[in-house]
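Enquirer: Fold the following and give me the result.
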Amino acid sequence: AAQSHREKQAWPERAHILTENCLDRTSVLMDPPSPDEGGDIVAATPTTMMFPSILLLVLSGVAFLTGVPLNSYVLFVAGCRMRRTVTTFSFLHLVSCSLLFTLLIPFFIVSLLMGFHWVFGMAMCKLLNACISMCMFSSVFLLTLISLDRYILTHHPIWCRHHRTVPRAQKLAVGVWLASFALSAPYLTQDMGRRVHMAVYMVRLLLGFLLPFCTIAGCYGLVGLKMKEKKLAWAGKPFKVMLTAVVSFFIGWLPYHLYHGLKLYKKEVPESVTGALLVFYTFTSCFTACFTPILYLFVGERFWQVFRTSLFTLVKAAFVDDLGSSAHESNGRHGSEVEHTKQEMA
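Expert: Okay, the predicted model is just below:
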C-alpha cells in the first residue's frame with residue numbers, strides 16, 4: 001500500500017519529467033528513477049501503471065488505431081478521387097497534418113509502456129517535437145487561409161475571378177509548410193535557456209493561437225454579416241465544415257498552450273495540476289488530430305442519413321463547395337465559383 005501511494009504521488013512528476021526532457025525538448029534525457037520513486041527502466045505492468053497512465057494509453061491507442069486509417073482514407077479520396085479545387089486542396093493539406101500527427105502517437109505510447117522513460121534517443125526527441133510543432137502551426141495557418149478564402153470569396157468575387165486559382169493555393173500551401181518548419185526549427189537546436197524558452201513560447205502563442213483566432217473570428221463574422229445582408233441561407237455545408245474544424249482545433253490546442261505556459265512557472269504550479277493538464281491536453285490534441293475528419297463527414301448530415309450513404313459519398317460531399325460547384329472549378333474555369341457566388345448574392 002505504501003509503495004502504491006508513492007507511485008501515485010510520483011506519477012505527475014514522471015509525466016512532468018518526460019515532457020520536460022523530451023516533449024518539451026531540453027538537452028538531457030530522462031534519468032533512471034530513484035528507488036523512492038519506485039520502478040526501473042522496464043515495461044510498466046497493469047499492476048504498476050496508475051490510472052492516468054492507463055487512461056493516456058487507452059486514449060492514445062484508440063486515437064492511433066482510428067485516426068491513421070480514417071485520415072488515410074480521407075486523404076486518398078480528396079487527393080485521388082476528386083477534382084482538384086481550392087477548397088479540396090486546402091483540406092487535403094489539413095488532413096495531411098492530422099495524419100502526420102497520428103503517425104507520431106506510437107512513440108508516446110512506447111514511452112508510457114516504459115514508465116515515462118524516453119528510449120529513442122535525443123535525435124528522435126528533437127525530430128518528434130519539431131514535427132508536432134510543425135503540425136500545429138501548419139494546421140492553424142491552413143485554417144486561417146481557409147477563413148480568409150471564405151471572406152475574399154464572399155466580399156470580393158470579381159477579384160477571385162482572376163486570382164483565386166489552384167496554382168496560387170499550391171504556392172500558399174508550400175509557404176505554410178516552410179513557415180511552420182522555420183517556427184519549429186528551435187526544437188532541433190541545443191538546450192534552450194529559460195529566456196529563449198519564454199520567447200519561443202510567446203511566439204508560438206501569438207502566431208499559433210491568438211492572431212489566427214482573431215483573424216478567423218473576424219473573417220467568419222464578416223462572412224456572416226454578408227450572408228445576413230444578402231439574406232442567404234446561413235452557411236451551407238462548406239461553412240459548417242470549416243466552422244466545425246476551427247472550433248475543434250482551438251478546443252483541441254488551447255490546453256496545449258495552457259500546459260506549456262504553466263510549465264514555464266513549474267516551481268509555482270503543483271505537479272498534480274500539470275500532470276492532470278497533460279492528460280487533458282493529450283486527449284484533446286489526439287481527438288482534434290484524429291477525429292476531425294469524422295466531423296467533416298457528419299456535419300450538416302442527419303444521423304439516419306449517414307448510415308444510408310456510402311463512406312466515399314460522405315467524404316466527397318464534405319468537400320463540395322456550395323459557394324461554387326467544385327465539379328466546374330479547374331485551372332481553366334476558376335471563375336465559375338465566383339459567378340455562382342454572385343448569382344446567390346443577387
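Enquirer: what are the phi and psi values for the closest residue to P106 other than its chain neighbours?
Expert: In space, and not counting its chain neighbours, P106 is closest to F64: 6.3 Å by Cβ to Cβ, 6 or more residues apart in numbering. Where you see a C-beta, it was placed from the backbone N, CA and C, and this is true even at glycine. Per-residue torsions, F64: phi -70, psi -50 (degrees, to the nearest 10).
Enquirer: distance of F64 from Y265?
Expert: According to Cβ to Cβ, to the nearest Å, F64 and Y265 sit 32 Å apart.
Enquirer: the more surrounded of these two?
Expert: Using other Cβ atoms under 10 Å, the more surrounded residue of F64 and Y265 is F64, with 19 against 9.
Enquirer: What are the neighbouring residues in contact with that one?
Expert: T102, I105, P106, I109, C290 (Cβ atoms under 8 Å, 6 or more residues apart in numbering).
Enquirer: wait, the first one sits on C290?
Expert: Yes. With contact defined as Cβ atoms under 8 Å, T102 and C290 form a contacting pair (5.3 Å).
Enquirer: so what sits against both of these two?
Expert: Common neighbours of T102 and C290, using Cβ under 8 Å, 6+ apart, are A63, F64, G67, N71.
Enquirer: ok, now which ones touch the nearest residue to the first one once chain neighbours are set aside?
Expert: Same thing as A63. Leaving aside its chain neighbours, A63 sits nearest to C286 (3.7 Å; criterion: Cβ to Cβ, 6+ apart). C286 makes contact with L59, S60, A63, G67, T102, I105, according to Cβ under 8 Å, 6+ apart.
Enquirer: Show me which residues of whichever helix or strand the fifth one is part of are buried.
Expert: What that stands for is T102. Take DSSP states H and E as the rule and T102 turns out to sit in helix 86-103. Within helix 86-103, the residues that count as buried by 16 or more other Cβ atoms under 10 Å are 86-102.
Enquirer: which parts of the helix or strand L142 falls within are buried?
Expert: Per DSSP H and E, L142 falls inside helix 121-155. Using 16+ other Cβ under 10 Å as the test for burial, helix 121-155 gives 122, 125-147, 149-154.
Enquirer: and if you look at stretch 260-279?
Expert: Quick answer for stretch 260-279 (16+ other Cβ under 10 Å): H260, G261, K263, E271, T274, G275, L277, L278, V279.
Enquirer: Between the two ends of it, how far is it?
Expert: 13 Å (Cα to Cα, to the nearest Å).
Enquirer: gap between R150 and K226?
Expert: As judged by Cβ to Cβ, R150 and K226 stand 10 Å apart.
Enquirer: likewise I109?
Expert: 46 Å.
Enquirer: What ranges does the protein have for its helices?
Expert: Applying DSSP state H to the chain gives helices spanning 2-18, 51-76, 86-103, 105-113, 121-155, 157-163, 166-184, 194-205, 211-229, 236-263, 271-298, 303-306, 311-318, 336-345.
Enquirer: most tightly surrounded among these?
Expert: Sort the helices of the chain by mean neighbour count, taking mean count of other Cβ atoms under 10 Å, and helix 86-103 sits at the top with a mean of 22.
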